[in-house]
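Colleague: just need the structure, nothing else, for what follows:
(one chain, ligands or ions: 1)
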Amino acid sequence: MDKKVFLRTLAGEATPRPPVWLMRQAGRYLPEYREVRAGAGGFLDLCYTPDLAVEVTLQPIRRFGFDAAILFSDILVVPDALGSEVGFVEGEGPRLIPLQGGADLARLSPARLHDHLAPVYETIRRLRRDLPPETALIGFAGAPWTLAAYMIEGGGSKDFLRARETARREPSMFGRLVDLLTEAVIAYLREQLRSGAEALQLFDSWAGVLPPDERARWSTAPLKRIVDALRGEAPVLCFPRGIGAAYAAFAAEVRPQGLSLDTTVDPAWAASAIPKGVCLQGNLDPALLVTGGEAMLEGANAIREALKGRPHVFNLGHGVLPHTPPEHVAALVRALKSA
Ligand code: CP3
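Modeller: From the prediction side, this is the model:
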């Protein structure tokens, strides 16, 4: 029997307590991260330098003893590897060469994918060697829709209107982009598994901006292709953020081993609406982790109660916020591990 409580829970086993890890558990809220980051040059240099990426992945494990470590990288390394030339502007977030049509798409190529991402695979190999034996290692990738949306906008956006308009006006070009990304993500995740990742998470951060018919085509269908391609190789968690009641149909259709619930989902609803075979992950409000104290612990307990009786991985409903006091994270993990 695997002694990693995170993997046992994902496999559907009942465990004495839910395992815990947090999205963005490595990041700017930790002073030791800010120190490494300040010496790394650009953010992507941090992602592509195994010594540094290993160190920042391990920082929250040493400090808090999470049950899983997530590879330190970013979803945008895949567009970067395909040729979108990603950069991170201090205080502004990501910038990419905006993809404006078929000619730009034709310039993208998966030929250099594994060469470009070799430092990520090396980071994973070292992490598997350096992590405590009870800590699972999660690899990840962005979902095709979310990656395509950043590529077309050339950066972040609150509504990704340009990406949605492109999908409507040029569905065949957009479809080729999504297919290219789907194949690249499958190849990338397979290589992460070969390097030592033990579970995978797919981040579809912008699934929630699409209406149902377009979501089915551009978000759900590619995720299903990826999950089906990897079925039997490793457990996969999906995070289709912001899709509301459609989480239930998503789970039934895609059948991932795990489903990450965003902050807006009522866990009691999820417990009854989502097929029993799917492990639920989530979903404390990241803002409650900033608040801390009793409010945070009560919020965490309410989620545990609502999901009692089915496999549950404790997490947030989105990533740790940069102004989160690390002591609050310590208090949360202590409470979850002792209860
Ligand atoms: O600890 C972990 O969770 C692992 C590392 C990780 C990062 N990004 C590090 C990061 C993971 C899993 C991601 C995923 C990611 N990246 C997503 C999906 C999850 C989500 O948040 O919805 C998205 C949309 C991105 C793209 C991205 N990366 C944006 C929009 C930004 C800028 C916004 C911000 O928070 O600064 C990033 C930068 C980024 N990725 C940072 C970190 C720690 C901060 C960069 C810094 O140190 O300056």
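Colleague: only C-alpha atoms from now on, for both contacts and neighbour counts.
Modeller: Will do.
Colleague: quick check: residues of the stretch 51-200 of the chain near the ligand?
Modeller: Counting by CA under 6 Å from any ligand atom, the stretch 51-200 of the chain comes close to the ligand at 70-75, 93-94, 156.
Colleague: can I have stretch 157-175 written out in CSV, keeping just the CAs?
Modeller: Output of stretch 157-175 as CSV, limited to C-alpha atoms (Å, rounded to 0.1, in the frame of the first residue of the first chain):
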residue,chain,number,x,y,z
SER,A,157,-7.5,39.8,-19.4
LYS,A,158,-10.6,40.0,-17.2
ASP,A,159,-13.0,38.6,-19.9
PHE,A,160,-10.7,37.3,-22.7
LEU,A,161,-13.1,38.9,-25.3
ARG,A,162,-10.5,38.9,-28.1
ALA,A,163,-9.9,35.2,-27.7
ARG,A,164,-13.7,34.5,-27.6
GLU,A,165,-14.2,36.6,-30.7
THR,A,166,-11.4,34.8,-32.6
ALA,A,167,-13.0,31.4,-31.7
ARG,A,168,-16.3,32.6,-33.2
ARG,A,169,-14.9,34.3,-36.3
GLU,A,170,-12.2,31.8,-37.2
PRO,A,171,-13.3,28.5,-35.6
SER,A,172,-11.2,26.4,-37.9
MET,A,173,-8.0,28.3,-37.1
PHE,A,174,-8.9,28.3,-33.5
GLY,A,175,-9.6,24.6,-33.6
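Colleague: now the helix or strand Glu183 falls within: average pLDDT?
Modeller: According to DSSP states H and E, Glu183 maps onto helix 171-195. Throughout helix 171-195, pLDDT has a mean value of 98.
Colleague: now for that helix, which elements pack on it?
Modeller: helix 102-107, helix 113-116, helix 118-130, strand 136-142, helix 144-153, helix 161-169, helix 221-230 (3 or more CA pairs under 8 Å, 6 or more residues apart in numbering; DSSP states H and E).
Colleague: by contact count, what packs against the fourth one?
Modeller: For strand 136-142, the packing partners by 3+ CA pairs under 8 Å, 6+ apart come out as strand 68-70, helix 171-195, strand 199-204.
Colleague: list of residues touching the second one?
Modeller: Read that as helix 171-195. Residues from elsewhere that reach helix 171-195 (CA atoms under 8 Å, 6 or more residues apart in numbering): 78, 101-102, 105, 110, 113-114, 121-122, 124-125, 139-145, 147-148, 166-167, 199-200, 218, 222, 225-226, 229-230, 234.
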